[in-house]
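> one predicted model, sequence on top.
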Amino acid sequence: MLDGMSIDQLRTFIAAADEGSFSAAGRKLRRAQSVVSTTLANLELQVGFALFERTGRYPQLTEAGRAMLELARAAAQSMDEFKAKARSLAEGLEPELAVAVDVMYPIANLTAAVQAFHHAFPSTPLRLYVEALGAVLQPLLDGNCRVAVIGSLPEIPAGCASEFLLSVAAVTVVAPTHPLAALQGMVPRSAAAEHIQLVLTDRSSLTAGRNFGVVSTRVWRLADLGAKHAFLRAGLGWGHMPLHMVEADIRSGALVPIQLDIFATAGPGFSMHAIHLADNPPGRAGRWFIDQLKQG
């Protein structure tokens with residue numbers, strides 16, 4: 001029976017243990033809860049003992065389940081490393097490189113990396129998706145790109161490997177005519193909540209029902225960072241922007257930086273990471289491009 005055990009079963013076991021419920025594991029793995037339950041029941045049948053205690057509202061690892069969990073993690077990681085090495089050796093140079101890039105990544109740095117890539121790999125087409133939040137991840141998870149550069153989404157999904165690139169400074173800004181611009185010193189959260197906050201919306205469904213950096217109860221959601229920039233300059237609300245996009249506006253007085261008390265110890269900056277599926281790492285061109293993106 002044990003010879004028929006699969007890596008898929010172990011990944012399901014790990015997800016259920018990490019998420020705390022079979023339904024949450026199903027959402028993480030994009031599977032129906034019934035499929036998760038059946039997979040785990042078959043795994044328990046194969047090993048010959050229960051991995052979860054199911055008498056309560058949520059399944060709890062049994063003592064035997066806890067003993068097996070770290071071994072399952074090690075086995076899954078070893079398989080990821082095996083697949084990654086095999087793909088890398090078999091593939092060599094990619095025929096095309098597709099990359100999804102967070103809109104918060106500095107465009108000047110991205111342009112420089114693309115120019116350098118064009119000179120280094122003139123016969124390798126480069127396809128770029130520029131998105132925000134979960135929409136940066138969607139092409140990667142759908143298999144339409146090899147690398148994703150994320151920053152506005154503060155989470156690395158399961159099954160992905162992450163590599164730090166650089167930090168992007170951000171600032172909260174308003175037009176000089178906006179009421180918040182007249183406040184002296186630190187702006188209380190309660191004051192900011194009274195005014196319209198301009199935020200980026202997610203073109204994907206990966207972050208449905210979730211908010212990142214939202215303070216106000218009055219929110220306008222925009223799918224384009226350029227539109228958000230224009231609305232801020234027009235005094236239609238306040239919002240967070242990458243510093244490189246508004247430095248000229250701040251110098252000219254077209255926008256005024258404000259500091260919210262909720263960011264008193266750390267500003268609303270972004271930590272940029274290059275991620276890829278753990279079992280599908282970038283080839284030679286992708287690896288080279290990631291190294292260029294670090295040179296911001």
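Thanks, I have the structure now. Numbering: from 1, shown residues only.
> show me the shaky parts of this protein.
1-3, 85, 87-92, 154, 204-213, 263-268, 296 (pLDDT under 70).
> grab the longest helix from it for me.
helix 63-91 (DSSP state H).
> list the buried ones in that one?
G65, M68, L69, A72, R73, A75, A76, D80, K83, A84 (16 or more other CB atoms under 10 Å). From N, CA and C alone the C-beta is placed, and that goes for glycine too.
> the closest residue to the fifth one other than its chain neighbours - how many residues pack around it?
Distances taken as CB to CB, 6 or more residues apart in numbering put I14 closest to R73, at 6.0 Å, once the chain neighbours are dropped. I14 has 21 neighbouring residues, counting by other CB atoms under 10 Å.
> can you tell me how far I14 sits from V103?
33 Å (CB to CB, to the nearest Å).
> ditto for S78
Taking CB to CB, one finds S78 at 36 Å from V103.
> list the contacts for Y105?
V149, G151, V168, M272, L293 (CB atoms under 8 Å, 6 or more residues apart in numbering).
> among the residues you listed, which one sits closest to L243?
L243 has its nearest neighbour among the contacts of Y105 in V168, at 7.5 Å by CB to CB.
> my guess is the closest one meets I107, correct?
No: assessed by CB atoms under 8 Å, V168 is found out of contact with I107, at 11.1 Å.
> need the max-distance pair from the buried residues of helix 63-91.
Farthest pair in the buried residues of helix 63-91, by CB to CB: G65 and A84, 27.9 Å.
> what ranges do the helices span in the chain?
So, for the chain - with DSSP H - the helices run 7-19, 22-29, 33-47, 63-91, 107-120, 134-141, 189-192, 225-233, 243-252, 284-293.
> so which of those is nearest T217?
helix 189-192 (10.4 Å).
> is there a neighbour count for M241? I'd like the number.
Neighbours of M241 (other CB under 10 Å): 23.
> I meant to write G253 there.
Neighbours of G253 (other CB under 10 Å): 9.
> same check on the one 5 residues further on?
I258 has 20 neighbouring residues, counting by other CB under 10 Å.
> show me the contacts for it.
I258 neighbours (CB under 8 Å, 6+ apart): T172, V173, V174, L180, A181, L183, V187, W238.
> what of L260?
L260 neighbours (CB under 8 Å, 6+ apart): T172, M186, V187, P188, R189, A192, V215.
> look up how far V168 lies from it.
18 Å.
> please enumerate the strands of the stretch 151-296 of the chain.
160-168, 170-174, 197-200, 219-222, 239-242, 256-258, 270-277 (DSSP state E, counting those that start in this stretch).
> would a markdown table of these with distance to N144 be doable?
Listed next are the strands of the stretch 151-296 of the chain as a markdown table, based on distance: least, CB to CB, whole Å:
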| stretch | distance to N144 |
| --- | --- |
| strand 160-168 | 15 |
| strand 170-174 | 28 |
| strand 197-200 | 21 |
| strand 219-222 | 24 |
| strand 239-242 | 25 |
| strand 256-258 | 37 |
| strand 270-277 | 12 |
